[in-house]
Structure formats: structure tokens, C-alpha cells
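**Student:** take a look and give me a structure for this.
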Amino acid sequence: FKQKTAYEIASCLVGSEMCIRDRRKTEAFVERVLVRMRQCPFTGSKSRAAVGLEEFGVDAAPILYGYSAAGDVAGLLADVWAVLDGFRRAGPGGYSSILVACPAFDGDFERWTREIFPALEATLLAAEASRELAIVCFHPDYATPDPEWLATHRFGHMYAPPTLRRWLEDADADLAGALDDDDLQYLGSYMRRTPVATINVLWSAQLEAAERKRESKALYARNLRRLHGEGRGALEEAARRERRG
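**Tutor:** Okay, the predicted model is just below:
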């Protein structure tokens, strides 16, 4: 895939300091949380993901960083689909995943989770792309929605504390006993707290391969233990530094 995607052309035209700063913030989060803290064992660096899945026919590929300055739903959806068009044309060999920074929504997680992600899900279904692509929700104020919401709006969200507790009780009983529900809510949510409101897009086949490679209970137990070991104070300070850029 030699041509630039519609997003990359738009980014070149914008060329704004904010766009560059928000990309660097997002890269810092990827490097710190996903790579160094191993919250995603299939992210090899801030520029490459889908690593370690070759045995399942999935090759590592670059991460595509996107940017949308839109502050309304229609504009945001148009920007996201411009990125998705190039992503799909490039295929899994072109890009492993997308991270689209959407700073206009940094201060409104309620709208982000209750309006934007249901709208994204609806467009994926309308485009008959829901079996091909998976979209994940990240936000500076991310908080796993309540189980009632997740029962009908699971799309893009972290597992609720009751699910995490069941997994912990099987995989790490000591940690399960040490963490109360507030701890599980905080630590589970922290995995998704990027410095900028972000839409993450992955290939569904990549997720399926990851599920075959990993064991979810053990993976989330390890993730929670690593985060708990850092302590809330250190986690909050690191997140503040990234938000400041």
C-alpha cells in the first residue's frame, strides 16, 4: 500500500503542534503501559504491534497513529472512516492497528462512552465490517461502565469488576483477597486511561489469534498485579505527566 491514506493526507495538511503533541503523548502511553508494563504482550514497541503471533498466521506490522480535530459526532465518524478506509486497503500486512487521538472529547467521557462508541458500533454493523474489525475505547477519564450498561453495550469496553474478580480468584487468589471492588474498578479502568481520548482499531483475526495464544484469566491477573504493585500514587503521577506532554 504505497499511497497515503486520507487521514495521513489530512494530517499533513493540518501539521499542527497539537497533532504532533498528542501523538507523542499517545506514544508515551503505549511505551509505558502497553510495552514496559506489559499490559498488552502483543505490542512490541510504540511503533509496532501484533508481535509474537506468527504461529497463527499473523505478522507484526506498524501502528498507524491518527488524529481528529472534530468536536461533533458526524465529523468524528467521517475522520475515523477516512482512516479505516486506508487501513482496510493496506490490510494486516500494512498496519497492525490504529490509534486515533480525538482531543475535543478529552473532557467528556460520558458522551464518549454513551454516544460515540454506540455510534461507532452502528457504523461497523451498517458497513458489515464488525467481523473484520474490533474497536476499543480509551480515554483520560476512562471508567469501566456499570454491569447493567455493559450487558447491552459491551462494544469496546473493559471487563467489569465482577468478571475480573472471578478470573483473579482462579488465577491469583492472594491478589483477589487483597483487592476490593474499588481497587478492581480503578485498576481495570487504568489500563484504558490514555492521555488523549483515543479510538483503537484492531483486526478481528489478530484478536482471535491473541486469544488462542494467551489465557485471559492469567493475563488479566498478571496485568492487575503489575498495576497494583506500582501503587495508585505512582500510576496517577505517570498519567499526569503524559497528559501534560
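**Student:** give me the buried positions along the longest helix that the chain contains.
**Tutor:** Counting residues, the longest helix found in the chain (DSSP state H) is helix 73-90. Residues 76, 77, 79, 80, 81, 82, 83, 84, 86, 87, 88, 90 are the ones in helix 73-90 that count as buried (16 or more other C-beta atoms under 10 Å). C-beta: built from backbone N, CA, C; applies to glycine.
**Student:** swap in stretch 38-48?
**Tutor:** In terms of neighbour count (16+ other C-beta under 10 Å), stretch 38-48 has its buried residues at 39, 40, 41, 42, 43, 44, 46.
**Student:** export those residues to JSON lines and tack on pLDDT and distance to residue 209?
**Tutor:** Converted to JSON lines, those look like this (pLDDT from 0 to 100; distance: C-beta to C-beta, whole Å):
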{"residue": "39", "pLDDT": "95", "distance to residue 209": "18"}
{"residue": "40", "pLDDT": "93", "distance to residue 209": "13"}
{"residue": "41", "pLDDT": "91", "distance to residue 209": "12"}
{"residue": "42", "pLDDT": "92", "distance to residue 209": "9"}
{"residue": "43", "pLDDT": "95", "distance to residue 209": "14"}
{"residue": "44", "pLDDT": "95", "distance to residue 209": "15"}
{"residue": "46", "pLDDT": "96", "distance to residue 209": "21"}
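**Student:** from those, which two are the most distant?
**Tutor:** Distances among the buried residues of stretch 38-48 were taken as C-beta to C-beta; the most separated pair is 41 and 46, at 15.1 Å.
**Student:** coming back round to it: just the buried residues of stretch 38-48 now: which is nearest residue 139?
**Tutor:** Nearest to residue 139, judged by C-beta to C-beta, of those is residue 39 at 15.7 Å.
**Student:** measure that closest one to residue 116 for me?
**Tutor:** The spacing between residue 39 and residue 116, counted by C-beta to C-beta, to the nearest Å, is 23 Å.
**Student:** strands along the chain, start to end?
**Tutor:** Assigned by DSSP state E, the chain shows strands spanning 43-45, 48-49, 61-67, 97-101, 133-138, 198-203.
**Student:** of these, flag the one that's most buried.
**Tutor:** Of these, the one with the most neighbours on average (mean count of other C-beta atoms under 10 Å) is strand 97-101, at a mean of 25.
**Student:** and that strand, what other elements does it pack with?
**Tutor:** Where contact means 3 or more C-beta pairs under 8 Å, 6 or more residues apart in numbering; DSSP states H and E, strand 97-101 is packed against helix 17-29, strand 61-67, helix 73-90, strand 198-203.
**Student:** would you reformat those as CSV and include distance to residue 107?
**Tutor:** Shown next, in CSV, are those (distance: least, C-beta to C-beta, whole Å):
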stretch, distance to residue 107
helix 17-29, 14
strand 61-67, 17
helix 73-90, 15
strand 198-203, 14
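**Student:** residue 155: which of these is closest?
**Tutor:** The nearest among the helices and strands packed on strand 97-101, by C-beta to C-beta, is strand 198-203 at 11.9 Å.
**Student:** adjacent strands (with direction) for that closest one?
**Tutor:** Strand pairing for strand 198-203, determined by DSSP bridges: strand 97-101 (antiparallel), strand 133-138 (antiparallel).
**Student:** any idea which of those strands gets closest to residue 172?
**Tutor:** Here strand 133-138 is closest among the strands paired with strand 198-203 (C-beta to C-beta), at 23.9 Å.
**Student:** what about the closest one, distance to the chain center?
**Tutor:** Here the centre of strand 133-138 is set off from its chain's centre by 6 Å, with C-alpha atoms, centre = their mean, to the nearest Å.
**Student:** surely residue 58 meets residue 205?
**Tutor:** Yes. Applying C-beta atoms under 8 Å as the test, residue 58 and residue 205 come out as touching, 6.6 Å apart.
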